[in-house]
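> Build me a model:
(chains A and B)
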Amino acid sequence: MSQDLGLSCKELVELVSAYDEGVLPVDERARFDEHLTECPDCVEYLAQFRRTVAAIGLGAPELDRTPPITDLLRVFRDWRRGLDDGVAGSC
Amino acid sequence: MRDVEGWPPEEVCDVLAVSEGNQRVLLHRARSHVRAELERYFADEEAA
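The predicted model follows:
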């Protein structure tokens, strides 16, 4: 059997955001669409993913906005600095 | 930032100092995480 260039479910799951953002290369997008035509589970996964993204947006007004985003950004930067230190010279 | 605050991707890249690709990976991980938590929540609710 020749190597099928189709997407696996595992691969598709990783590409969902890129797919919905419209940044997948044309050929990869075609393989994504083709996989959907033959995999009901991934169709459901995509639907759940979209509902999730929509729900995140809808929930926003009720979210507790503490800590403020500036604090979160500082945590992110410190976390990244830790990563950078941790992998320094390893690649 | 993207989904809750509604920021455009370029602004997120700017503020977090990450590449566009990296921004998307972080976004995708966060969304996947929330989806998995919702799955667990609804599974628990169904079981109860």
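> and residue 13, what does it touch?
Reading this off chain A. Residues near A:V13 by C-beta atoms under 8 Å, 6 or more residues apart in numbering or on different chains: A:42, A:45, B:32. Glycine gets a C-beta too; all of them are placed from N, C-alpha and C.
> let's do chain B instead
B:19-20, B:22-23.
> Take these and keep only those in helices.
Using DSSP state H, the subset of these located in helices is B:20, B:22-23.
> Name the member of the residues you listed with the most neighbours.
Counting neighbours by other C-beta atoms under 10 Å in any protein chain shown, B:Q23 leads those with 19 neighbours.
> what does the helix or strand of chain A with the lowest mean pLDDT contact?
Least confident helix or strand, chain A: helix A:69-87 with a mean of 79, by mean pLDDT, DSSP states H and E. Residues outside helix A:69-87 that contact it (C-beta under 8 Å, 6+ apart) are B:1, B:5, B:15-17.
> For those, point out the one with the lowest pLDDT.
Within those, the minimum per-residue pLDDT falls on B:E5 (84).
> For burial, what's the neighbour tally of it?
13.
> likewise A:I69?
Counted with other C-beta under 10 Å, A:I69 comes out at 13.
> any idea how far it lies from A:F76?
10 Å (C-beta to C-beta, to the nearest Å).
> circling back to that earlier point, now distance to chain A and pLDDT too, for the ones in helices among the contacts of B:C13, in a markdown table please.
Below are those laid out as a markdown table (distance: C-beta to the nearest C-beta, whole Å; pLDDT from 0 to 100):
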| residue | distance to chain A | pLDDT |
| --- | --- | --- |
| B:E20 | 8 | 93 |
| B:N22 | 10 | 93 |
| B:Q23 | 10 | 95 |
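> Would you mind listing what in chain B touches chain A?
Residues of chain B found near chain A (C-beta under 8 Å from any C-beta of the partner chain) are B:1, B:3-6, B:9, B:15-17, B:24, B:27-28, B:31-32, B:34-35, B:38-39.
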